[in-house]
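Asks: Kindly generate the corresponding structure for this input.
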Amino acid sequence: RDSRLPPHSESETQEQQKHATMKFVSIGLLSLVASAAAFTNTDSSIHRGQALFHAPKNVAKHDVQGADAFSNLSPEQKERVETYMEHQNSVPKPGFPVDVRSLVQYNHGFAVMSTISKANEGYPGGSVVGFAPDEEGRPLFVFSGMSSHTQDILANPKASLTVAAKEFKGAADGRVNLMGTCRRVRDEDEIAKAKEIYRAKHPGAFWIDFGDFNWFTMDVEHIRFVGGFARAGSISSEEYTAAKPDPIMAFGGHVAQHMNDDHMSSTIAMVEHYIPGLAGDDYVKAAEITSVDSLGMYVKITRDPENEERLPGQPQQFKLRLPFPRQVTERADVKNVIVEMTQASSKAEQEAE
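Replies: Numbering: from 1, shown residues only. Okay, here's the model as predicted:
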């Protein structure tokens, strides 16, 4: 728990968790963990019991129906649902600010910039642009004077940058919208530093020395984040600036791809062993790792479409958190901890047979 966060009463948290449990059924596109998150925080950067949607009060949320359906479940189903949600509600996570900062840092260096169009009054204009974040996460750009987005920000410096995760494939993957004010970089020392940062991200960017290209940066003022199913909200610019990228996320995508391509059966075994409520009945048909960080993994589950009994109300695909038994800091640590978890899962499976 972040020591900077205000204290909260145990009774308040328990009441909010009870409210979340009673409203998990008939949630359409949201999973059980999503319904829990919609009413009870699952992000360790925000104190436990707070709304997952890290945004101002009265912000729009999904319309969750079926509040009375929980009472109609069997005792076994109730226990599975409660245990599953309690687990997902308490597992360690980097937190929204770190997730956002890491996504921007480790993106491939291209994103969609939206500007207020100078040529088409009243309309937003969108351009795919190259960028590189500086040490505080501010995007750096080098634009031709002829580009429409250059003309737009010279006339109105307000803009936004939509950055998708490097391995983005669809709704289960993260994306960030940075909003702020662009400004021209004119100081020679600042330009020299910007070139160094930009070249590290874009080694082949020969055009940065062209005479008609100018340097810009964006002072980030507002941040919106969607981390996949049921992980959405906003963080402050102060939180964004203070956060440091998670070092494991720099190469976590490669780990995820390797596991998904060659060892999905091991991921399924780990999910069934470590996540309560999922083992048995061949319920988990596929388990695709979507991201890896220093504290664990996010996994997209495809369940048996015929099995509505194990976790009632769960959509056919949903995302869950698979935590590591300890924090890892290096690439070798990630391999070691996954091997340990795989071996423990295999042993448990054999003992159960």
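
Asks: what's Val176 in contact with, if anything?
Replies: Counting by C-beta atoms under 8 Å, 6 or more residues apart in numbering, Val176 makes contact with Val100, Leu103, Val104, Thr162, Val163, Ile223, Arg224, Phe225, Val226. Any C-beta I mention is one placed from the backbone N, CA and C, and that applies to glycine too.

Asks: secondary structure element for it?
Replies: Using DSSP states H and E, Val176 sits in strand 175-184.

Asks: swap in Lys285?
Replies: Assigned by DSSP H and E, Lys285 belongs to strand 284-292.

Asks: same deal with Ser114?
Replies: Applying DSSP H and E, one finds Ser114 within strand 110-116.

Asks: Gln317 contacts Val299, doesn't it?
Replies: No: the criterion here is C-beta atoms under 8 Å, and Gln317 misses it with Val299 at 11.0 Å.

Asks: And the lengthiest helix in the chain, what's buried?
Replies: In the chain, assigned by DSSP state H, the helix with the most residues is helix 331-352. Counting neighbours by 16 or more other C-beta atoms under 10 Å, one finds that the buried residues in helix 331-352 are Val334, Val337, Ile338, Met341, Thr342, Ser345.

Asks: Likewise for stretch 297-305?
Replies: Met297, Tyr298, Val299, Lys300, Ile301, Arg303.

Asks: Could you tell me which of these belong to strands?
Replies: The strands, defined by DSSP state E, take in Met297, Tyr298, Val299, Lys300, Ile301, Arg303 from the buried residues of stretch 297-305.

Asks: For the fourth one, give the beta-bridge partners.
Replies: In this case it means Lys300. Beta bridges link Lys300 to Glu288, Lys319 when assigned by DSSP bridges.

Asks: separation between the residue nearest the centre of the chain and Arg331?
Replies: For the chain, Gly227 is the residue whose C-alpha lies nearest the centre (C-alpha atoms, centre = their mean; 2.9 Å). Remark: distance between Gly227 and Arg331 (C-beta to C-beta, to the nearest Å) = 23 Å.

Asks: What of Asn89?
Replies: Per C-beta to C-beta, Asn89 is found 30 Å from Arg331.

Asks: again with Ala172
Replies: 24 Å.

Asks: Could you do Tyr274 as well?
Replies: Here Tyr274 is placed at a distance of 22 Å from Arg331 (C-beta to C-beta).

Asks: From one end of stretch 276-296 to the other, what's the distance?
Replies: Stretch 276-296 has an end-to-end distance of 16 Å (C-alpha to C-alpha, to the nearest Å).

Asks: ugh, typo on my part, it should be stretch 290-304
Replies: 20 Å.

Asks: What of stretch 283-297?
Replies: Its first and final residues considered, stretch 283-297 spans 20 Å by C-alpha to C-alpha.

Asks: Check which residues of it are buried.
Replies: 283-284, 287-297.

Asks: now swap in stretch 172-181 and tell me
Replies: Ala172, Asp173, Gly174, Arg175, Val176, Asn177, Leu178, Met179, Gly180.

Asks: give me every residue that touches the nearest residue to Ala164 once chain neighbours are set aside.
Replies: Distance criterion C-beta to C-beta, 6 or more residues apart in numbering; nearest residue to Ala164, sequence neighbours excluded, is Arg175 at 4.6 Å. Applying C-beta under 8 Å, 6+ apart to Arg175 gives the contacts Leu103, Thr162, Val163, Ala164, Ala165, Phe168, Phe225, Val226.
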